[in-house]
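**Q** let me see the structure of the following:
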Amino acid sequence: MDINLLQGIFKKHDCDAILFVDPKNLRYMCGFRGNNGLLFYTREGKMLLVTDPRFELEAKQEVKNAEIIINIKESSLWEMPDFYREHGIKKLGFSPKAMSVEMYNAIKKEAEMIAVDIIPSAYRYIKSPEEIKIMKEAARIQEAALGETVGMLENAPTERVFAAYLDHHMRLHGSDKPSFDTIIAFAENSAVVHAIPSDKQISGTGFLLIDWGAIYDGYCSDETVTYMLGKPTKEMIKLYDEVYTAQRRAIDAIKPGVTAVELYDKAYGYLIEKGYKKYIQHALGHHIGLDIHEYPKIFPFTDFTFREGMTFTIEPGLYIPELGGVRIEDTVMVTSTGVELLTSIPKERKIIL
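**A** Residues are numbered from 1 along each chain as shown. Predicted coordinates for the structure are as follows:
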């Protein structure tokens, strides 16, 4: 937990405590894994976890470094006037990005609400060695599952069936569940960035885009491979090689102190120079950890500098309706001298006949 970041909020804002409502932040800060809780972090560094009776035993087993307070109002935990008075919370910091209007209107009757302009997942940017170990296991699970599923292509399955088997094998290897809805997109469907698996058969010539991930012990993995099936055209091969080159340019540039703008330019700047500007449809990557998409994303307007221990994806993509789409994605970690890949499937061009 980034204590300096938290203390910086108290220095900047006149508040007695900061309220966290995102379940992922609650797990990260005090160990609570339930889906109904509030965490108050006070100026003195004390943590107060409020939950309902359904999670009392779970909280006692999991929670560390926080006082547990049980409120029977499970659908409105924030309604507890005595709590704010007893703990001297007259001014409460909160993130507008993570609070409902209902909660805000109820709490402001008891304490002055101070908007804290900070990214909710910012407290979790720097990963510990234990977190990295878990994320590597999540990546191992997803890659083992693909290794067991890719042989199905010989039987020309539908996108939907292939996705179902891939998800199933991730669970068999220990995944809690997929970290997002698995994307299997073949031929013209691969030009759709977030394609939904359909009943289209994976047969003939075309790009096969596979974007999948696992959740292990709460942490997410994320990876995309694009295969070429059948007899790819020269245009297909050229498109793949350009995206691969763009990804390698970005990965090779990663080190502490590099900015989001610099990484974006390394990859997408290269593709723009090659004439592909109108086929770029998404960011270069995103932070990842307890959430699959953590902020900020890597855009040309993102004001962000990377530090050692941060984990994020590098996933350039080009999407040409009449040709298909190519996305190549790895999850990486910034090291003291450069970068370490947490995913391990080689991304060089692969043709499956």
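
**Q** contacts for stretch 234-242?
**A** 207, 226, 228, 232, 271, 274, 276, 318, 320, 323-324, 326, 349 (Cβ atoms under 8 Å, 6 or more residues apart in numbering). All C-beta spots, glycine's among them, are computed from the backbone N, C-alpha and C.

**Q** swap in 6 Å and give it another go.
**A** With contacts defined as Cβ atoms under 6 Å, 6 or more residues apart in numbering, stretch 234-242 is touched by 228, 274, 323, 326, 349.

**Q** cool, and stretch 200-216?
**A** Identification of contacts with stretch 200-216 by Cβ under 6 Å, 6+ apart yields 137-138, 141-142, 156-159, 166, 170, 175-177, 179, 182-187, 190, 220-222, 224-227, 229-231, 324-325, 327.

**Q** what's the PyMOL syntax to select whichever of those residues are buried?
**A** Under the burial definition 16 or more other Cβ atoms under 10 Å, those of the contacts of stretch 200-216 that qualify are selected in PyMOL by:
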select buried, resi 137+138+141+142+157+158+159+166+170+175+176+179+182+183+184+185+186+187+190+220+221+222+224+225+226+227+229+324+325+327
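
**Q** now, the contacts of stretch 200-216 that are in strands?
**A** When the contacts of stretch 200-216 are checked against strands using DSSP state E, the ones located there are 177, 183-186, 220, 224-227, 229, 324-325, 327.

**Q** reformat the residues you listed as JSON lines; add distance to residue 147.
**A** Supplementary listing: the ones in strands among the contacts of stretch 200-216 in JSON lines, determined by distance: Cβ to Cβ, whole Å:
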{"residue": "177", "distance to residue 147": "19"}
{"residue": "183", "distance to residue 147": "18"}
{"residue": "184", "distance to residue 147": "16"}
{"residue": "185", "distance to residue 147": "20"}
{"residue": "186", "distance to residue 147": "19"}
{"residue": "220", "distance to residue 147": "20"}
{"residue": "224", "distance to residue 147": "16"}
{"residue": "225", "distance to residue 147": "11"}
{"residue": "226", "distance to residue 147": "17"}
{"residue": "227", "distance to residue 147": "13"}
{"residue": "229", "distance to residue 147": "17"}
{"residue": "324", "distance to residue 147": "24"}
{"residue": "325", "distance to residue 147": "23"}
{"residue": "327", "distance to residue 147": "20"}
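
**Q** dump those into JSON lines; add pLDDT and distance to residue 261 as well.
**A** Compiled in JSON lines, the ones in strands among the contacts of stretch 200-216 are given as follows (pLDDT from 0 to 100; distance: Cβ to Cβ, whole Å):
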{"residue": "177", "pLDDT": "97", "distance to residue 261": "35"}
{"residue": "183", "pLDDT": "98", "distance to residue 261": "28"}
{"residue": "184", "pLDDT": "98", "distance to residue 261": "33"}
{"residue": "185", "pLDDT": "98", "distance to residue 261": "30"}
{"residue": "186", "pLDDT": "98", "distance to residue 261": "34"}
{"residue": "220", "pLDDT": "98", "distance to residue 261": "25"}
{"residue": "224", "pLDDT": "98", "distance to residue 261": "23"}
{"residue": "225", "pLDDT": "98", "distance to residue 261": "27"}
{"residue": "226", "pLDDT": "98", "distance to residue 261": "26"}
{"residue": "227", "pLDDT": "97", "distance to residue 261": "32"}
{"residue": "229", "pLDDT": "97", "distance to residue 261": "36"}
{"residue": "324", "pLDDT": "97", "distance to residue 261": "29"}
{"residue": "325", "pLDDT": "98", "distance to residue 261": "25"}
{"residue": "327", "pLDDT": "98", "distance to residue 261": "21"}
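
**Q** residue ranges with poor pLDDT in the stretch 251-353 of the chain?
**A** Applying pLDDT under 70 to the stretch 251-353 of the chain flags residues 353.
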